[in-house]
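Q: Next come a sequence and a model predicted from it.
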Amino acid sequence: MSSNSKISQEVARRRTFAIISHPDAGKTTLTEKLLLFAGAIQIAGSVKARKAERHASSDWMEIEKQRGISVASSVMQMEYRDCVINLLDTPGHQDFSEDTYRVLTAVDAAVMVVDAANGIEPQTERLLKVCRARNTPILTFINKLDREVREPLELIGEIESHLEMDCIPFTWPVGMGRQFSGIYDLTKDQMRMFNRANPSKSGSAEDEFIPDLSNPLLTERCPDTIGKAREEIELIQLATPDFDHAAFLDAKQTPVFFGSAVYNFGVQELLDALVEYAPPPGAREAIERTIEPSEPKFTGVVFKVQANMDPAHRDRVAFVRVSSGKFERGMRLRVARTGKDIRPNNPVSFLSQRRDLVDEAYAGDVIGIPNHGVLHLGDVLTEGEKLHFTGLPFFAPELFQTVEVKDPLRSKQLHTGLTQLGEEGAIQVFKPQIAGGTLLLGAVGQLQFEVVAHRLKTEYGVDAILGPSRYNLARWVTSSNPQALRKFLDANISNIAYDVVDAPAFLVSSQAQLRVAQELHPDIQFHVMREQGGQIFAESH
Ligand code: G4P
């Protein structure tokens, strides 16, 4: 086989996705069950253990101790049927930060877990927004049907209105809570019976399957639940359009699955659909050209940088999503930004069933490259070509703090530290337009501030004083009319700050203030996201 067709074959069997959910909806449990199905049982235990550690760690110092673990388990690779599945972890609430968002730029699909008792919750909504902005195909798993939860039809309605896409139920619950009888598979016209006598045995190939929704045996076996389910299924079959694969890939339809992750129930249906319908890695846009995943030459982009075990040595792991070609341990790679070459000999091994998967990687896979600051967020690695990728977003911070240094003699170190932490994406740094204004730190999660203060101290020897800021909203501003932009910046001098690439942002304390500015300045665009490089903006608000 030629190496090109080998690459195409490997790409075609990759599925790279993330699970998005609100804390406690069941992401950890579902992750474990997915790993179980893929035969990675030992690994499954470690996911749970990791979460327990996370809960136990109430402050950053503790979290830091866990960093080795969290690096290793932030990507899980498994094989299911003929596919290699990469599951990228989106950090949960405690360490919620911009990283969470950026991980979503490295996946080709997302699974949204919804707690059937709660419906769509705030954090899911934030993450969904990112998926929507990127047209990421989404599969929906409605969890916890073994409990008394909300009506499935009502949940579907709620999801449709939040997602602005059609829900296409692939499975439907028959009963719930104490009367949970099982899941009817609309695509196969068969019911998977819940093993009430022994729920922990549920969800396996040993389950009992009963074909045909109108089967009298179902009436006999589920007398209290099947009637209602039949009515609902008839209704959704009339009311929902057929599943259209192209519409799913275009994020216009989401297949919906019901189940109970804790009992392993309905999970296999989800995994099968993921393998069958989620897209393999696609083309990636660079400013120079489009990169096809099966091109022979390696390209990849750093979508996350994480400080590793030893902060004193500033060792970091750069997470690189392979965009094309084949990665081999020890190959020479060029950092497009600096023109410098690196030779990753010790890529970090993520949780995987097969060790050798780390030695070889194809589009959709993630490799972790330990380095001492050579690799920055958004860096492109190639075999020599100079490329700039688009698409790595920075998000308008929702939290701000001022930052000053206790000892003025250390202000140089403060600037160095903030620049480097900014490059890593740990925090965003804004310089007010007013001369002499105090630097501002911007974040999307509170923990980011604690992390930065701690790291400034331990890695740069800077005692930073963080203080409250009157701002809590930022929008990057652009205009097709440079004069109008200049005028706007001058007229709002006390609300303008420049970020790390000198892109101007408009900082205010309330939505109302933003609305007024938008009304007064129709020729200015206000953006909630800035893409790597600064020039390109997405999704204006
Ligand atoms: P997360 O990662 O999204 O935060 O959620 P996680 O999987 O940790 O699940 C949160 C809680 O919900 C856990 O309970 C978990 O056992 C439970 N859970 C998950 N899936 C289901 C389900 O299908 N049915 C039911 N009834 N519960 C479910 P916990 O009490 O916080 O932890 P534990 O004591 O069970 O470990």
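A: The structure has been received and is ready for your questions. Bear in mind the structure is a predicted one, so any value in this text is a computation, not a measurement.

Q: Count the residues that sit near Ala229.
A: Neighbourhood size, Ala229 [other CB atoms under 10 Å]: 22. The C-beta positions use only the backbone N, C-alpha and C, and glycine is treated the same way.

Q: Distance of it relative to the ligand?
A: Distance, Ala229 to the ligand, by CB to the nearest ligand atom, to the nearest Å: 19 Å.

Q: where does that residue land on pLDDT?
A: pLDDT for Ala229: 97.

Q: Specify the local secondary structure of it.
A: Following DSSP: H, G, I helix; E, B strand; the rest coil, Ala229 is assigned to helix.

Q: residue contacts, the residue found closest to it once you drop the neighbours it is linked to in the chain?
A: Of all residues not flanking Ala229 in the chain, Val174 sits nearest, at 4.2 Å (CB to CB, 6 or more residues apart in numbering). Going by CB atoms under 8 Å, 6 or more residues apart in numbering, Val174 touches 180-184, 191, 222, 225-226, 229.

Q: one more time with 7 Å, if that's ok
A: 181-184, 191, 222, 225-226, 229 (CB atoms under 7 Å, 6 or more residues apart in numbering).

Q: Tell me which of those residues fall in strands.
A: Secondary structure from DSSP state E places 182-184, 191 of the contacts of Val174 in strands.

Q: And the residues you listed, which is closest to Leu456?
A: Ile183 (51.3 Å; CB to CB).

Q: and the residue nearest to Ala443 when sequence neighbours are not counted, how many neighbours?
A: Distances taken as CB to CB, 6+ apart put Leu399 closest to Ala443, at 4.9 Å, once the chain neighbours are dropped. Number of residues near Leu399 (other CB under 10 Å) recorded here: 16.

Q: Neighbours of Lys340, how many?
A: Residues near Lys340, counting by other CB under 10 Å, number 11.

Q: re the thing from before, just curious, which of the contacts of Val174 is nearest to Ala286?
A: Among the contacts of Val174, and counting by CB to CB, the member closest to Ala286 is Ile183, at 43.5 Å.

Q: Against Met112, how distant is the residue nearest to Ala229?
A: Separation of Val174 from Met112 (CB to CB, to the nearest Å): 22 Å.

Q: hang on, the earlier thing: counting neighbours, which of the ones in strands among the contacts of Val174 comes out on top?
A: Counting by other CB under 10 Å, Gly182 has the largest number of neighbours within those, with 31 neighbours.

Q: correct me, but that residue touches Arg196?
A: No: applying CB atoms under 7 Å, one finds Gly182 not in contact with Arg196, separated by 9.2 Å.

Q: hmm, back to that, tell me the one of the contacts of Val174 nearest the ligand?
A: Ile183 (12.1 Å; CB to the nearest ligand atom).

Q: mind listing the helices for the stretch 201-350 of the chain?
A: Listed in chain order, the helices of the stretch 201-350 of the chain (DSSP state H, counting those that start in this stretch) span 216-221, 226-239, 245-249, 267-277.

Q: Name the residues that touch the last one?
A: Counting by CB under 7 Å, 6+ apart, helix 267-277 makes contact with 15, 17, 30, 33-34, 37, 80-81, 83, 111, 139, 141, 170-171, 185, 203, 245, 248, 255, 257, 259, 261, all of which sit outside it.

Q: okay, and for this structure, where does confidence drop off?
A: The chain contains residues with pLDDT under 70 at 1, 39-73, 91-97, 308-314, 351-358, 391, 435, 532-541.

Q: Identify the residue nearest the geometric centre of it.
A: In the chain, the C-alpha nearest the mean C-alpha coordinate belongs to Leu104, at 3.2 Å (CA atoms, centre = their mean).
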